[in-house]
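J.: Sharing a model that was predicted from the sequence below.
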Amino acid sequence: MTNMADAIARVALPLLAAKMTQSPSLISFVGVLITLPWLLAALPVGVLVDRVSRRTLMVVAEAIRLCAIASLFAAVLLDAKSLPIVYVVALAMGLAEVLALTSGASIVPSAVPKARWEPATARITAMEYLWKQFLGAPVGGFLVATGFVFAFGVSGIVYAIGMVLLTLLVGNFSPKPAGGAETRPRQPIRVEIREGLDFLWKNRLLRTMALLIAVMAGCWSVWLALIPAYAAAPGPLGLSPRQYGLLLTCLGVGGIVGTLLVGRVNRLLGRRWSMFVDIIGSFFLVAAPAVLPSVKGSAIPIACAAFVAGVGGTMWTVNARVIMQTFVPDHLLGRFNAAYRLISWGTAPIAAAVGGLVAQFVSYQVAFGLFAVLCALLVIPYLRVVTDKALAAVDTPRSKTASAEG
C-alpha cells in the first residue's frame with residue numbers, strides 16, 4: 001500500500017512542478033528534496049531505529065506522508081498550489097522514506113530464520129517493485145491525467161490504509177540488545193552513530209558496496225530527477241502523462257523479473273555476477289538518453305534500458321540485504337543501515353542537483369552521459385573487491401557465521 005501511494009505521489013509531484021515551470025533545474029529540485037534527507041537525517045534516524053520499536057517508527061512515517069499529501073491535496077483543491085509547497089511536501093516525503101526504509105530493512109532478521117532470508121527478501125522486494133513501479137507508476141500517470149486532485153486524494157487514502165495495516169502487524173520488533181543482554185546502557189547519540197559508521201568502514205566488502213551504490217544511486221537519481229522534464233510534454237520526448245507513467249512502469253516490470261531470476265542466477269552464476277547486472281543496468285539507464293536523439297521514438301529504447309536497470313536493481317537489492325543481514329548484528333542494524341545509506345544514497349540529492357544544472361545550462365545528453373561514464377568506471381573496483389571468497393560467509397549457517405564473527 002505504501003509503495004503504491006509513493007508511486008502515485010512521485011509521478012504527480014514533478015509533473016505538478018512541470019505545470020508551474022519549464023526549468024529543468026527547478027523541476028529536478030523536487031528529486032533533490034526527496035532524496036536530501038538521506039544526506040541530512042540518516043544517521044540520527046539510524047540511532048532511533050536501534051532504540052525504538054521499528055514497527056512504531058514505520059507507522060510514524062506513514063503519518064508524516066499522510067499529512068504531507070493532505071496539505072498538497074488541499075492546496076490543489078483551493079488553487080493555492082506553488083513551487084515552495086511542492087518542495088516542502090517533497091522534503092517531508094523524503095524524511096518519511098528514510099524513517100520507513102531504515103526501520104523496515106531492520107525487521108526481517110528478527111522475524112525470519114536465516115535459511116529464509118533470501119526468499120523473504122526477494123518477495124518483499126518484488127512487492128515493492130510491483131506496487132511502486134509496475135502498478136503504481138501507470139496508475140499515477142492515469143490519475144494525473146484525470147486531475148491532480150484525484151492523484152493526491154487517492155495517494156492520501158492509500159497511505160491511510162497502509163498505516164492501519166501496519167498497526168495489525170503482530171510481533172516484537174524492538175531491537176535486540178547486544179550479546180543477548182536484557183538491557184544495554186545507552187551511549188550518547190554521537191557515540192552510537194560512530195559505532196554504525198565504524199562497523200561499515202572497517203568491513204572492506206560492505207564499505208566497497210556502499211561506495212559502488214553511491215555512484216549507481218547517483219545515476220538513478222539523475223534519471224529520476226530529469227526524466228519528468230525530459231520525457232513528459234512539453235519536454236523533448238513530448239510524452240503524455242499516461243505514456244510517461246508507462247515509461248516508469250518498465251522499471252517496475254524489470255524489478256519484478258529480477259526478483260524472479262535472482263535465486264536462479266545466484267545458484268547458476270553466484271551472487272557476484274548476479275549483483276554485477278546492476279552495474280550494467282545502471283549504465284544503460286543513463287547511457288540510453290545520452291546517446292539517443294531527443295524524439296518521441298526514443299522513448300522505446302529508453303524504456304528497454306529502464307527494464308534492464310530494474311532487473312539489475314532488484315538483483316543487487318536482494319543480495320545486498322542478505323549480505324548485510326549476515327554480517328551485521330541486530331542491535332546495530334538501524335545504525336548500520338543508516339550509515340550505509342548515507343554513503344550510498346547521500347549522493348542522490350547532489351547528483352540530482354548537478355544533473356539538473358548541467359541539463360539547464362548545457363544539455364540533457366551531457367547530463368546523462370556524465371553519469372554513464374562514472375558508472376562504467378565501477379567495473380574495476382567491483383571485480384577486485386566483490387569476490388566469491390568475500391561472499392562465502394553469506395551461504396553458511398547462521399551459527400557458523402556467528403562463530404566466525406566472534
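T.: Yes, it's here.
J.: Quick one: distance of stretch 355-363 to the chain centre.
T.: Chain-centre distance of stretch 355-363: 24 Å, with C-alpha atoms, centre = their mean, to the nearest Å.
J.: typed the wrong thing, it's stretch 218-228
T.: 12 Å.
J.: how about the CA coordinates for that stretch, as PDB?
T.: Extracted C-alpha coordinates of stretch 218-228, given in PDB (Å, rounded to 0.1, in the frame of the first residue of the first chain):
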ATOM      1  CA  GLY A 218      23.600   9.000  -8.400                       C
ATOM      2  CA  CYS A 219      22.800   7.600 -11.800                       C
ATOM      3  CA  TRP A 220      19.300   6.600 -10.800                       C
ATOM      4  CA  SER A 221      18.700   9.900  -9.000                       C
ATOM      5  CA  VAL A 222      19.800  11.900 -12.100                       C
ATOM      6  CA  TRP A 223      17.500   9.800 -14.300                       C
ATOM      7  CA  LEU A 224      14.500  10.100 -12.000                       C
ATOM      8  CA  ALA A 225      15.100  13.800 -11.500                       C
ATOM      9  CA  LEU A 226      15.500  14.700 -15.200                       C
ATOM     10  CA  ILE A 227      13.100  12.200 -16.900                       C
ATOM     11  CA  PRO A 228       9.900  14.100 -16.000                       C
END
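J.: For this structure, give me the ranges with low pLDDT.
T.: When residues are selected by pLDDT under 70, those of the chain lie in 133, 176-186, 397-406.
J.: Strands of that one, start to end?
T.: Here the chain has no strands by DSSP state E.
J.: right, and Ala42 touches Arg341 too?
T.: Yes - between Ala42 and Arg341 there is a contact under C-beta atoms under 8 Å: 5.5 Å. For every residue, glycine as well, the C-beta is placed using N, CA and C.
J.: where do the contact lists of those two overlap?
T.: Residues touching both Ala42 and Arg341 (C-beta atoms under 8 Å, 6 or more residues apart in numbering) are Val98, Thr102.
J.: ok, Arg65 - contacts?
T.: For Arg65, the contacting residues are Thr2, Ala5, Asp6, Ala9, Ala92, Met93, Ala96, Tyr159, by C-beta under 8 Å, 6+ apart.
J.: The fifth one and Ala214: what is the separation?
T.: Note on Ala92: its distance to Ala214, by C-beta to C-beta, to the nearest Å, is 24 Å.
J.: I'd like to know how many residues surround Val11.
T.: 27 (other C-beta atoms under 10 Å).
J.: Wait, it touches Gly141, no?
T.: Yes - counting by C-beta under 8 Å, Val11 does reach Gly141; the two are 5.7 Å apart.
J.: Touching both of those two, which residues are there?
T.: Pro241, Tyr244, Gly245, Leu248.
J.: Nearest to Leu48 among those residues?
T.: Leu248 (31.5 Å; C-beta to C-beta).
J.: The closest residue to the closest one other than its chain neighbours and Pro44: what is the separation?
T.: Of all residues not flanking Leu248 in the chain, Ala137 sits nearest, at 3.6 Å (C-beta to C-beta, 6 or more residues apart in numbering). Ala137 sits at a distance of 32 Å from Pro44 (criterion: C-beta to C-beta).
J.: If you count surrounding residues, which of these two has more?
T.: Ala137 (26 against 16).
J.: re earlier: can you tell me which of the contacts of Arg65 end up in helices?
T.: If you go by DSSP state H, the contacts of Arg65 have Thr2, Ala5, Asp6, Ala9, Ala92, Met93, Ala96, Tyr159 in helices.
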